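**Student:** just coords:
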């Protein structure tokens with residue numbers, strides 16, 4: 001089975017290389033970033049001990065970051081290696097200052113895994129969420145290096161639980177400890193006979209809570225908003241924006257709108273501009289002009305500006321799954337999103353609690369938007385629900401670090 005698994009890993013890599021050949025930008029970054037990668041993937045001092053944190057992309061990095069910060073604070077004697085699978089994470093964080101080395105993860109063959117694990121004197125390894133690379137799991141176990149899974153999330157419909165998934169599941173016994181996001185994941189692990197589990201919760205709540213406590217200000221945005229109330233559409237896609245344009249045009253005068261598109265390429269920004277009449281771009285913002293809408297054509301500030309929102313629309317719910325809602329609700333901001341949200345536990349929870357609201361079309365969007373605008377009691381209740389939910393969810397990092405003390409000291 002390992003031979004078959006490795007064959008599929010090689011095939012997947014081959015498909016990415018083909019995509020790169022035909023000009024796919026993300027695939028090109030993936031390919032070029034791995035050139036001469038082994039020059040970076042070695043310890044400069046054979047006596048140094050390392051901790052390895054592997055994440056898939058930027059979202060998983062945000063989940064791993066609270067643990068990285070705590071490890072560097074509590075165990076400064078260890079060097080930190082941070083690896084990414086995806087260019088969308090690596091390209092943003094390749095100069096991450098808390099890491100002693102940042103690199104791409106070599107493809108998961110047994111040869112690569114053994115070479116990689118031998119290249120560093122690892123004290124421990126941490127994989128985030130569901131980065132299940134089975135040759136690496138086996139290689140770590142063979143070298144007696146403890147592997148910990150952070151913010152693990154399992155669902156019964158995953159390939160792991162199919163009749164043919166037993167080979168994959170048996171690798172879980174090679175993991176030293178699982179820190180799960182929820183009870184369901186712990187239950188699924190228990191059904192496998194795995195009890196080295198703590199239900200710690202989602203570490204990303206600690207991350208967004210930390211951002212909220214820092215409360216970075218944006219004076220230019222504050223001036224744009226003025227004494228108006230603000231609605232923010234975060235990480236919007238064209239399928240979201242089509243529903244938002246009619247509302248923006250009819251929006252009450254005591255409101256303003258901030259649109260933060262997922263794609264800030266010139267092509268997409270021009271497309272947005274063609275649908276808006278009274279707007280400005282963030283990079284050309286002139287607060288001597290009073291505009292209805294501000295389009296953020298800059299990356300990296302969305303999570304910090306949710307603090308200015310009365311309520312927020314979260315994008316990608318008509319695409320492949322909603323963007324991060326935690327960044328908004330940590331500021332007590334109720335959220336609205338499209339129908340593809342069921343893979344996100346916090347979204348499912350808050351829909352049931354009525355701190356988050358699902359829309360399927362423009363009519364439903366306008367109904368809930370105007371409910372927030374016109375019904376203060378409805379808004380205050382939803383905001384309070386978000387506040388209470390976040391308060392219950394923070395603290396995963398502390399739970400994890402208490403367990404790790406017995407392994408890393």
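**Tutor:** Looks like it came in fine. From a predicted model like this one, the values you see are computed outputs, not experimental measurements. Numbers count the residues shown, from 1 in each chain.

**Student:** Could you identify the longest helix within this protein?
**Tutor:** Secondary structure of the chain per DSSP state H: the longest helix is helix 2-21.

**Student:** Going along the chain, name the strands of the stretch 1-150 of the chain.
**Tutor:** Applying DSSP state E, counting those that start in this stretch to the stretch 1-150 of the chain gives strands spanning 49-55, 79-84, 101-104, 121-128, 147-152.

**Student:** Quick check: which of the ones you listed has the most neighbours on average?
**Tutor:** strand 147-152 (a mean of 26; mean count of other Cβ atoms under 10 Å). The way it works is simple: take the backbone N, C-alpha and C, and place the C-beta from them, glycine included.

**Student:** For that strand, which outside residues touch it?
**Tutor:** 63-64, 67, 124-130, 137, 140-141, 174-181, 185, 200-204, 396, 400, 404, 407 (Cβ atoms under 8 Å, 6 or more residues apart in numbering).

**Student:** Residue ranges in the stretch 151-300 of the chain under the pLDDT threshold?
**Tutor:** Counting by pLDDT under 70, the stretch 151-300 of the chain contains no low-confidence range.

**Student:** Which pLDDT value belongs to the residue nearest to residue 350 when sequence neighbours are not counted?
**Tutor:** Closest residue to residue 350 apart from its sequence neighbours, by Cβ to Cβ, 6 or more residues apart in numbering: residue 356 at 3.6 Å. You'll see residue 356 listed with a pLDDT of 98.

**Student:** List the beta-bridge partners for residue 356.
**Tutor:** Taking DSSP bridges as the rule, residue 356 bridges to residue 335.

**Student:** residues contacting it?
**Tutor:** 325, 329, 334-337, 347, 350, 386.

**Student:** Leaving out chain neighbours, which residue sits closest to the residue nearest the centre of the chain?
**Tutor:** In the chain, the centroid-proximal residue (Cα atoms, centre = their mean) is residue 59; its distance is 1.9 Å. Of all residues not flanking residue 59 in the chain, residue 324 sits nearest, at 6.8 Å (Cβ to Cβ, 6+ apart).

**Student:** can you count the residues close to that neighbour?
**Tutor:** Residues lying near residue 324 (other Cβ atoms under 10 Å) number 21.

**Student:** So residue 235, which state does it fall into?
**Tutor:** strand (DSSP: H, G, I helix; E, B strand; the rest coil).

**Student:** so what's it closest to, chain neighbours aside?
**Tutor:** Using Cβ to Cβ, 6+ apart, the nearest residue to residue 235 is residue 323, at 3.7 Å.

**Student:** Does the one you found touch residue 262 like I think?
**Tutor:** Yes - in this structure, residue 323 is within contact of residue 262 by Cβ atoms under 8 Å, at 7.3 Å.

**Student:** between the two, which one's more packed in?
**Tutor:** For residue 323 versus residue 262, neighbours defined as other Cβ under 10 Å are more numerous around residue 323 (22 against 18).

**Student:** domains for the chain, by residue range?
**Tutor:** If you go by automatic domain parsing, the domain ranges for the chain are 2-201, 216-393.

**Student:** need those domains in TSV with distance to residue 209, can you?
**Tutor:** Converted to TSV, the domains of the chain look like this (distance: least, Cβ to Cβ, whole Å):
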stretch	distance to residue 209
domain 2-201	9
domain 216-393	6
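
**Student:** before we move on, the earlier item: please name the residues that touch the residue nearest to residue 235.
**Tutor:** Taking Cβ under 8 Å, 6+ apart, one finds 234-235, 262, 314-316 in contact with residue 323.

**Student:** Could you list the low-confidence segments of the stretch 1-150 of the chain?
**Tutor:** Looking at the stretch 1-150 of the chain by pLDDT under 70, you get an empty list.

**Student:** and if we set it to 90?
**Tutor:** Applying pLDDT under 90 to the stretch 1-150 of the chain flags residues 36-37, 39-40, 42-46, 58-59, 88.

**Student:** quick one, what contacts the closest residue to residue 161 other than its chain neighbours?
**Tutor:** Counting by Cβ to Cβ, 6+ apart, residue 161 lies nearest to residue 188, which is 7.1 Å off, once chain neighbours are set aside. By Cβ under 8 Å, 6+ apart, the residues touching residue 188 are 154-156, 161.

**Student:** how much space between residue 87 and residue 377?
**Tutor:** 46 Å (Cβ to Cβ, to the nearest Å).

**Student:** which residue ranges form the helices in the stretch 201-350 of the chain?
**Tutor:** Applying DSSP state H, counting those that start in this stretch to the stretch 201-350 of the chain gives helices spanning 203-214, 219-225, 238-250, 266-273, 302-305, 326-329, 345-353.

**Student:** wait, isn't residue 389 in contact with residue 348?
**Tutor:** No - Residue 389 is beyond contact range of residue 348, at 11.7 Å (criterion: Cβ under 8 Å).

**Student:** Please say which of these two ends up with more neighbours.
**Tutor:** residue 389 (20 against 13).

**Student:** for the more buried one, what are its contacts?
**Tutor:** 329, 346, 349-350, 353, 355.

**Student:** What of residue 228?
**Tutor:** Applying Cβ under 8 Å, 6+ apart, the residues near residue 228 are 254-256.

**Student:** Turn these into a markdown table, columns for distance to residue 242.
**Tutor:** Compiled in a markdown table, the contacts of residue 228 are given as follows (distance: Cβ to Cβ, whole Å):
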| residue | distance to residue 242 |
| --- | --- |
| 254 | 25 |
| 255 | 20 |
| 256 | 20 |
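
**Student:** Drop anything exposed from the residues you listed.
**Tutor:** Among the contacts of residue 228, those buried by neighbour count (16 or more other Cβ atoms under 10 Å) are 255-256.

**Student:** Tell me the one among the contacts of residue 228 nearest to residue 296.
**Tutor:** Of all the contacts of residue 228, residue 256 has the smallest distance to residue 296: 12.8 Å, by Cβ to Cβ.

**Student:** Residue 241 versus that closest one, what's the distance?
**Tutor:** Plainly put, residue 256 is 17 Å away from residue 241 if you go by Cβ to Cβ.

**Student:** That's all I had, so thanks and see you.
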